[in-house]
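Enquirer: generate coordinates for the sequence data below:
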Amino acid sequence: MDVLTVRNLSTAYQSKVVLDSLSFSVEQGTLTGIVGPNGAGKSTMIKSILGLQPKISGDVEFYGNALQSQKQRIGYVPQRGAVDWDFPTNVIDVVTMGLYGQIGWLRFPREKHRKLAMAALEKVDMTEYATRQISQLSGGQQQRVFLARALVQEAELYFMDEPFAGVDAKTERTIISVLEELKDQGKTVLVVHHDLQTVPRYFDHVLMLNKQLIAYGPTKETFTTAHLSKTYGGTIQWLGGENLGQRSV
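Expert: You can find the predicted model right below:
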């Protein structure tokens with residue numbers, strides 16, 4: 001079953017085309033890494049798909065329907081740098097924000113909502129920081145809080161924009177453990193990712209982007225030297241065989 005279908009998606013900033021006629025479909029229960037050079041449009045693609053960035057053409061369907069009717073099934077983890085971490089709030093309140101679809105914007109969270117938030121924090125090993133101000137957290141801890149906020153929604157389709165960027169080893173292990181658990185539950189996850197060496201280990205599918213869709217499919221078949229060279233605009237020097245999806249890293 002396709003949970004996401006993108007048809008001829010194009011986006012521009014002023015007169016500069018950032019994404020050019022992207023078309024692809026994502027199957028349920030897959031874990032997809034989105035890779036490409038800086039400026040390739042990876043974050044813009046996610047924002048355009050989610051209606052956070054205006055598109056100039058194209059259609060996007062979630063489970064065969066428009067975004068508005070499927071928002072409750074979608075979770076989003078933005079780039080950590082896009083968040084105002086000086087905002088005066090604590091960890092448990094940030095995670096509880098993921099439940100506002102259930103709570104309602106003009107109502108206060110109840111005990112059951114707090115319990116759900118604490119359970120999400122436990123999954124990312126952050127329960128002891130529940131009352132900590134978010135400005136007092138390290139970068140890795142902040143990333144885990146935002147991951148918990150997405151998890152508490154109990155969505156079916158997740159978009160994560162560079163969750164591994166600038167995090168410590170513990171946070172990276174926590175994130176990949178959560179991603180694997182989501183996949184085991186039949187959830188679908190798309191992740192903007194930069195570390196090419198970990199792509200074969202972390203993702204069963206890969207989407208290779210440079211303003212246009214270069215390649216998309218199972219990692220073992222798609223993550224090749226030829227596709228990498230086309231994506232990054234030159235020859236990629238890599239130890240190992242031609243098919244990078246089959247090498248051990």
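Enquirer: what count of nearby residues applies to the nearest residue to residue 190 once chain neighbours are set aside?
Expert: Nearest non-adjacent residue to residue 190, counting by Cβ to Cβ, 6 or more residues apart in numbering: residue 32, 4.7 Å away. C-beta here means a position set from N, CA and C on the backbone, and glycine is covered the same way. Neighbour count for residue 32, taken as other Cβ atoms under 10 Å: 23.
Enquirer: which ones are touching residue 32?
Expert: 26, 188, 189, 190, 191, 203, 204, 205, 206, 207 (Cβ atoms under 8 Å, 6 or more residues apart in numbering).
Enquirer: beta partners of it?
Expert: In this entry, residue 32 is beta-bridged to residue 190, residue 205, by DSSP bridges.
Enquirer: next one: it from residue 76, what distance?
Expert: 15 Å (Cβ to Cβ, to the nearest Å).
Enquirer: now residue 208
Expert: 22 Å.
Enquirer: continuing past the helix or strand of the chain with the lowest mean pLDDT, what's the next helix or strand?
Expert: Of the helices and strands making up the chain, the lowest-confidence element is helix 100-103, at a mean of 60, by mean pLDDT, DSSP states H and E. As assigned by DSSP states H and E, the chain's next helix or strand after helix 100-103 is helix 111-123.
Enquirer: any idea how far that next one is from the chain center?
Expert: Taking the mean of its C-alpha atoms, helix 111-123 sits 22 Å from the chain's own mean (Cα atoms, centre = their mean, to the nearest Å).
Enquirer: ok, back up a step: gap between the residue nearest to residue 190 and residue 130?
Expert: The separation that residue 32 has from residue 130, given Cβ to Cβ, amounts to 32 Å.
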